[in-house]
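Colleague: Below is the sequence, then the predicted model.
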Number of protein chains: 2
Amino acid sequence: MSVTAAKGFTAAGIAAGIKESGQPDLALVVNQGPRLAAAGVFTANRVKAAPVLWSQQVLKGGQVSAVVLNSGGANACTGPEGFQDTHATAEKAAAILNEKEGSLGHSAAEIAIASTGLIGVRLPMDKLLPGIEKAATELSAHGGEKAAIAIKTTDTVHKTAVVQGDGWTVGGMAKGAGMLAPGLATMLVVLTTDADVDATGLDTALRAATRTTFDRVDSDGCMSTNDTVLLLASGAAGVTPGQDAFTEAVRTVCDDLARQLIGDAEGASKDIRIEVINAATEDDAVEVGRSIARNNLLKCALHGEDPNWGRVLSAIGTTSAAFDPDRLNVAINDVWVCRNGSVGDDRDLVDMRYREVRITADLSAGSETATIWANDLTADYVHENSAYSS
Amino acid sequence: MSVTAAKGFTAAGIAAGIKESGQPDLALVVNQGPRLAAAGVFTANRVKAAPVLWSQQVLKGGQVSAVVLNSGGANACTGPEGFQDTHATAEKAAAILNEKEGSLGHSAAEIAIASTGLIGVRLPMDKLLPGIEKAATELSAHGGEKAAIAIKTTDTVHKTAVVQGDGWTVGGMAKGAGMLAPGLATMLVVLTTDADVDATGLDTALRAATRTTFDRVDSDGCMSTNDTVLLLASGAAGVTPGQDAFTEAVRTVCDDLARQLIGDAEGASKDIRIEVINAATEDDAVEVGRSIARNNLLKCALHGEDPNWGRVLSAIGTTSAAFDPDRLNVAINDVWVCRNGSVGDDRDLVDMRYREVRITADLSAGSETATIWANDLTADYVHENSAYSS
């Protein structure tokens, strides 16, 4: 279902030969209208890939007619030449789509680009540009699945999600398995809707949705140079939903995809749900959650099914959040192993056999809450990120 | 030579039975005077172990007559009972030392305590207190080596260092192999000198020395609840060195011990020297160095002997330091693999076979510099921190 679940979109996913393995590596998503509204959020990393710099400019216009996505190369840290490659990709896509449709409706300035793969290597344009031509011939209203497959890198499964509104639909696809600690977005995500929503409404919905979903995923503490989340509206359903209902649908799709990212994180054997409660502010709750999420010693302990709550306390202690060390409480899988900053219930009561681990950190400092999702740290993660370049 | 290299100190290290393995786990260091001056720096973690809270109070007086150190338990997150245990340890040590020396010279208020081991477990006081009695009978001017051995936890070797001044000596011991990213100190370190220096002079030297040594070690990004560095002066050499010469000697001993900590870090196969150059401020240089040091993907790549400079750039991009992404340069083992934020010299020229890896990050934003030491991330680290509680 993916990006073609909503009416007014076609998509394709093909193997252009960018990946040496011959696996699918190029996706094309086209908005057939009548509306071409779009919004996007991008990585907060100050070192941004060429396609991020390009797409940020495109999104300023609030219109996107097509998105070209490739795996097999991030086109990050590739200098002015890399930016030229992105520009050439948009020009090529516009020319091919206009030729195919016998129109001049596509302009490079309305074509977003997203790339993922190894940083610091130029893309093989001699393969990418012909690939766009091939993808254009395969565009279909049922192509969303293939597009989702073509953007995979170390992902073991492709990720899609769909929510039905009242006469309208929001769907999407995502990729991401490592370098997964987004500051504003995560890896590559394209969402589509046939609801008739303008760029401002899309932007409002997308920022609200990503703030509490992709922004709260922290698999390995490493923020990417390429994170991109796009939301495109075709208006083909002819229905304009209320902003709240629409935002909630977008949030639901984002949440679903974010959970799929965590569930497929590199080498992970545990999905860790960190709920920080009774914080003085939401920012405090997020800071504490992220500090726990990034503690390598805790991530190792949870991999070993050891409810080592001391490592949770030591992680909380490094933050600037409001709390009194003697009033901290911590539960692991609902057993309050730490009460008032000291030894609580018997840690042997904690059942650690399942993939999901729930950590509740009670700061006793207010009433704000945040939930962060993370993964454990495993020898498989080390192997996957040391045995070859990625 | 350790803590007994300087005149005026005795030490002992024994097995008190705190560790179930029966390995040495209790150390005692006694300042015989004539001076009892001392300074200390402690973890910046806001969750502080009972012995840290105790010793911070002791150090306010500027006098330390003895230090009791134990491995086998951190006495952190143990509540008021844990603090009472520390207090009782100091009282017991004072009583035993007074009895042994037939004096009333020792007061609990001048006895520093340091503990290391698992967080969230009470110490076995029925073993620790008799252990102090045993250690007191073994105190010797040659006991420094045994004391250094008794404070080991996951350390594979004990760590000592000595510098000779002009008629005076600075020596010391350290332990630490994991949870090693100090904010003001690292794990347990006791330094001694026979120079005749008052508490203010010691404090000046110690803060200056730790700021550019232990404070710039970041093995695994995890700050401990128990970090303690103490510097004790006996004055037994009867020489008062100039402050600069004394500070430099303390810095040299700290640097030596800090390097030994990195060289013995849990599971590590690489020691990574990260030199940030041409930063606008020293704080910027430290922030960038620490961000690179904590990037799990880079740590994995270096373990795999892959000079993956894109991961260095992505780490720099997450900081708030002053830089222009297009003016960043990165060298790995002196090969400038990234120039002007883009592809530089051939990465195949980088020789990664040796244990030490040198990363140079040139921010092109000023003239300040900082060096951070880190380790790679390995399957052995994961195993060591997941297979059992520590």
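Modeller: Now that the structure is in, tell me what you want to look at.
Colleague: Only C-alpha atoms, please: export the longest helix belonging to chain A in CSV.
Modeller: Criterion DSSP state H: the longest helix present in chain A is helix A:79-101. Extracted C-alpha coordinates of helix A:79-101, given in CSV (Å, rounded to 0.1, in the frame of the first residue of the first chain):
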residue,chain,number,x,y,z
GLY,A,79,31.2,19.0,-2.2
PRO,A,80,29.8,21.2,-5.1
GLU,A,81,30.1,18.2,-7.5
GLY,A,82,27.7,16.2,-5.3
PHE,A,83,25.2,19.1,-5.3
GLN,A,84,25.5,19.2,-9.1
ASP,A,85,24.7,15.5,-9.2
THR,A,86,21.5,16.1,-7.2
HIS,A,87,20.5,19.1,-9.5
ALA,A,88,21.1,16.9,-12.6
THR,A,89,18.9,14.2,-11.1
ALA,A,90,16.0,16.6,-10.6
GLU,A,91,16.5,18.0,-14.1
LYS,A,92,16.5,14.5,-15.6
ALA,A,93,13.4,13.5,-13.7
ALA,A,94,11.5,16.6,-14.8
ALA,A,95,12.5,16.0,-18.5
ILE,A,96,11.5,12.4,-18.5
LEU,A,97,8.2,12.9,-16.7
ASN,A,98,7.3,15.7,-19.1
GLU,A,99,8.2,13.5,-22.1
LYS,A,100,6.2,10.6,-20.7
GLU,A,101,3.1,12.7,-20.0
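Colleague: which residues are contacting it?
Modeller: A:28, A:30, A:49-51, A:53-54, A:58, A:65-66, A:68, A:75-76, A:78, A:104-111, A:113, A:115, A:122-123, A:125, A:128-129, A:132-133, A:136-137, A:139, B:326, B:340-343 (CB atoms under 8 Å, 6 or more residues apart in numbering or on different chains). Backbone N, C-alpha and C define where each C-beta goes, glycine included.
Colleague: And chain B, is stretch A:277-296 touching that?
Modeller: Yes - using CB under 8 Å from any CB of the partner chain, stretch A:277-296 reaches chain B at A:294-296.
Colleague: Close to chain B: what parts of the stretch 51-200 of chain A are there?
Modeller: Going by CB under 8 Å from any CB, the residues of the stretch 51-200 of chain A near chain B are A:74, A:76-79, A:81-82, A:118-122, A:178-179, A:183.
Colleague: ok, of these, which come out buried?
Modeller: Using 16 or more other CB atoms under 10 Å in any protein chain shown as the burial test, these include A:74, A:76-79, A:82, A:118-121, A:178-179, A:183 as buried.
Colleague: Pull up the per-residue confidence for whichever residue of the stretch 1-150 of chain A sits closest to chain B.
Modeller: Chain B sits closest to residue A:119 of the stretch 1-150 of chain A, with a gap of 2.5 Å, by CB to the nearest CB. For residue A:119, the pLDDT comes out at 86.
Colleague: Tell me where the stretch 201-350 of chain A has strands.
Modeller: Taking DSSP state E, counting those that start in this stretch to define them, one finds strands in the stretch 201-350 of chain A at A:217-218, A:228-233, A:271-279, A:329-332, A:335-339, A:342-343.
Colleague: so who does the nearest residue to residue A:187 once chain neighbours are set aside touch?
Modeller: Take residue A:187 and drop its neighbours on the chain: the residue closest to it by CB to CB, 6 or more residues apart in numbering or on different chains is residue A:176, 3.0 Å away. Residue A:176 makes contact with A:155, A:186-188, A:261, according to CB under 8 Å, 6+ apart.
Colleague: Considering those residues, which possesses the most neighbours?
Modeller: Counting neighbours by other CB atoms under 10 Å in any protein chain shown, residue A:186 comes out on top of the contacts of residue A:176 with 32 neighbours.
Colleague: Model confidence for that residue, exactly?
Modeller: pLDDT for residue A:186: 57.
Colleague: again, but for residue A:311
Modeller: Reading off the model, residue A:311 has pLDDT 89.
Colleague: I figured it hits residue A:298, correct?
Modeller: Yes - counting by CB atoms under 8 Å, residue A:311 touches residue A:298, with 4.0 Å between them.
Colleague: What about the closest residue to chain B within the stretch 151-300 of chain A, how many residues nearby?
Modeller: In the stretch 151-300 of chain A, the residue that lies nearest chain B is residue A:300 (3.5 Å; CB to the nearest CB). Residue A:300 has 29 neighbours, counted by other CB under 10 Å.
Colleague: Tell me who's in contact with the spatially closest residue to it that is not a sequence neighbour.
Modeller: Spatial nearest neighbour of residue A:300, chain neighbours left out: residue B:385 (3.5 Å); criterion: CB to CB, 6+ apart. By CB under 8 Å, 6+ apart, residue B:385 lies in contact with A:296-297, A:300-301, A:304, B:178, B:266.
Colleague: Can you add distance to residue B:231 and pLDDT and give these back as CSV?
Modeller: What follows is the contacts of residue B:385, written out as CSV (distance: CB to CB, whole Å; pLDDT from 0 to 100):
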residue, distance to residue B:231, pLDDT
A:296, 30, 90
A:297, 28, 89
A:300, 33, 93
A:301, 33, 92
A:304, 37, 92
B:178, 24, 73
B:266, 27, 85
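Colleague: Of those residues, which is the most crowded?
Modeller: That'd be residue A:300 among these, by other CB under 10 Å, with 29 neighbours.
Colleague: give the contact list for it.
Modeller: Taking CB under 8 Å, 6+ apart, one finds A:376-377, B:381-382, B:384-386 in contact with residue A:300.
Colleague: hang on, the earlier thing: out of the buried ones among the residues of the stretch 51-200 of chain A next to chain B, what pair is the most spread apart?
Modeller: A:79 and A:178 (24.3 Å; CB to CB).
Colleague: those helices in the stretch 151-300 of chain A, which residues are they?
Modeller: All helices of the stretch 151-300 of chain A, identified by DSSP state H, counting those that start in this stretch, fall at A:199-211, A:243-263, A:282-293, A:296-303.
Colleague: Quick check: buried residues in the second one?
Modeller: Using 16+ other CB under 10 Å as the burial criterion, the residues of helix A:243-263 that qualify are A:246-263.
Colleague: hmm, which helix or strand of chain A has the shakiest average pLDDT?
Modeller: Across the helices and strands of chain A, mean confidence by mean pLDDT, DSSP states H and E is lowest for strand A:217-218: a mean of 83.
Colleague: Paired strands for it, with orientation please.
Modeller: Here strand A:217-218 has these sheet partners by DSSP bridges: strand A:368-375 (parallel).
Colleague: Give me the contacts around the partner strand.
Modeller: A:216-220, A:258-259, A:262, A:265, A:268, A:270-282, A:284-286, A:289-290, A:292-294, A:299.
Colleague: Any idea how far it is from the middle of the chain?
Modeller: Distance of strand A:368-375 from the chain centroid (CA atoms, centre = their mean, to the nearest Å) equals 16 Å.
Colleague: the inter-axis angle of the next helix or strand after it versus strand A:368-375?
Modeller: On the C-terminal side of strand A:368-375, the closest following helix or strand by DSSP states H and E is helix A:379-386. Orientation note: helix A:379-386 sits at an angle of 70 degrees relative to strand A:368-375 (axes from the mean of the first three to the mean of the last three CA atoms, to 10 degrees).
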